[in-house]
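> Got a sequence here, can you model it:
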Amino acid sequence: MKIKHSLYSRRQFLNGLIGGWVGAVAAIFISPILKFVTPAYKEPDDVTLPLADYKDMAPNTVKVFPWGAKPGFLRLQADGTYLALVGVCSHLDCNVAWQPDKKKFFCACHEGWYDENGKNIAGPPPKPLRKLQVAIDGDTIVVSKPAVA
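Residues are numbered from 1 along each chain as shown. The predicted structure follows:
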């Protein structure tokens, strides 16, 4: 039965509703399969950052930089050298955040804590944050993967 001023009949409406539901359920099941089949994101070998953005940092402060699709942290240490860390928890790959008032990194997924050097100190993280190599080349900072021994 079609209502007088309606664009759809009840049957068309219910068919559309059921079809949308079936499509949503299918997408929920197909999505993980597609993620498994497609190649994983490849991490960059190195990232070049302008030195001007990081040279005025106060000692023992942290700034975020993009490490591919993941966050990276660049910390100016007391001796004037830079420490670079990948901002991803070693427990379940959640992003970590710098807590400047506590001078620690925090993973909100399962309350994991890392000290200012990336060492795991509390919670479930089994390993420290991954360290990256830092080199200053003229007016740029080159952050790269550590050399494989």
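
> Show me how this protein divides into domains.
Per automatic domain parsing, the domain ranges recorded for the chain read 1-38, 46-144.

> Pick the most buried one from those.
Highest mean neighbour count among those (mean count of other Cβ atoms under 10 Å): domain 46-144, with a mean of 15. Quick note: C-beta positions are derived from backbone N, CA and C, even for glycine.

> Quote the end-to-end distance of that one.
Terminal residues of domain 46-144 are spaced 4 Å apart (Cα to Cα, to the nearest Å).

> any idea of the mean pLDDT in it?
Across domain 46-144, pLDDT averages out at 86.

> Run the chain-centre distance for stretch 102-121.
From the chain centre to the centre of stretch 102-121 is a distance of 15 Å (Cα atoms, centre = their mean, to the nearest Å).

> Ok, stretch 20-29 next?
Relative to its chain's centre, stretch 20-29 lies at 28 Å (Cα atoms, centre = their mean).

> Convert that stretch to CSV, retaining C-alpha atoms only.
Output of stretch 20-29 as CSV, limited to C-alpha atoms (Å, rounded to 0.1, in the frame of the first residue of the first chain):
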residue,chain,number,x,y,z
GLY,A,20,21.1,-1.3,4.4
TRP,A,21,21.3,-3.5,7.5
VAL,A,22,22.7,-6.4,5.5
GLY,A,23,25.2,-4.0,3.8
ALA,A,24,26.4,-2.7,7.1
VAL,A,25,26.9,-6.2,8.6
ALA,A,26,28.7,-7.2,5.4
ALA,A,27,31.0,-4.2,5.7
ILE,A,28,31.8,-5.1,9.3
PHE,A,29,32.9,-8.6,8.3
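
> Could you give the bridge partners of the spatially most central residue of the chain?
Against the mean C-alpha coordinate of the chain, by Cα atoms, centre = their mean, the closest residue is residue 70 at 3.7 Å. Beta bridges link residue 70 to residue 67, judged by DSSP bridges.
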